[in-house]
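Asks: One predicted model, sequence on top.
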Amino acid sequence: MAILKIARMGHPVLLAQAAPVADPTAPDMRRLVRDMAETLVDAGGIGLAAPQVHESLRLFLWRDGDTLRALFNPELAPLGPERALGWEGCLSIPGLRGQVPRFTRVAWRGLDQNGEPTEGVAEGLAARVLQHENDHLDGIFYLMRMEDLSMLGFAEELARVQEQAR
């Protein structure tokens, strides 16, 4: 296993439409999932998309409770019109946080790392993470979803302001 280099905002791989994965069970895909998992744990994140590690493929990983899951060729659909603002950060934009509107519930489906169809429903933080990671597969940063850029700041400054408010 290896810790992969994370692409940062400005790298063209992060703005491209990622390609579908033909065979999630191929040895190079199994290795990529293992390396992405190690990278995600090392970085302390809760989600990681393949384009973020310089692989323009429709694959992301996310923490589902204590389990780290992989989803190939994902499809997401909102379950209702309800949206909520929530703070997001991104491993490709270190140090910044912003409030992003996201659907509160989404249905998801795709292929797992064994190439088997999988699906589910996510709400709250899980729904937010899935939408954030899926956006990376379409070349979209959370900043592009923000409606109010006054709600964008460096994590350290935001924490300091929050602490002072207490």
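Replies: Yep, that arrived. All figures in this text were calculated on a predicted structure; none of them were measured in a lab.
Asks: Show me where this protein has its strands.
Replies: 47-49, 59-64, 67-78, 83-90, 93-103, 105-111, 117-123, 152-154 (DSSP state E).
Asks: Which one, of those strands, ends up nearest to residue 160?
Replies: Closest of the strands of the chain to residue 160 is strand 152-154, at 9.4 Å (criterion: Cβ to Cβ). Placement of C-beta: from N, CA and C, glycine included.
Asks: Sort out which residues of that closest one are buried, please.
Replies: Buried residues in strand 152-154, counting neighbours by 16 or more other Cβ atoms under 10 Å, are found at residue 153.
Asks: Please name every helix or strand in contact with the helix or strand of the chain with the lowest mean pLDDT.
Replies: Across the helices and strands of the chain, mean confidence by mean pLDDT, DSSP states H and E is lowest for helix 155-165: a mean of 89. Applying 3 or more Cβ pairs under 8 Å, 6 or more residues apart in numbering; DSSP states H and E, we find helix 155-165 packed against strand 93-103.
Asks: orientation of the strand it packs on relative to strand 67-78 in degrees?
Replies: Angle, strand 93-103 to strand 67-78, by axes from the mean of the first three to the mean of the last three Cα atoms, to 10 degrees: 50 degrees.
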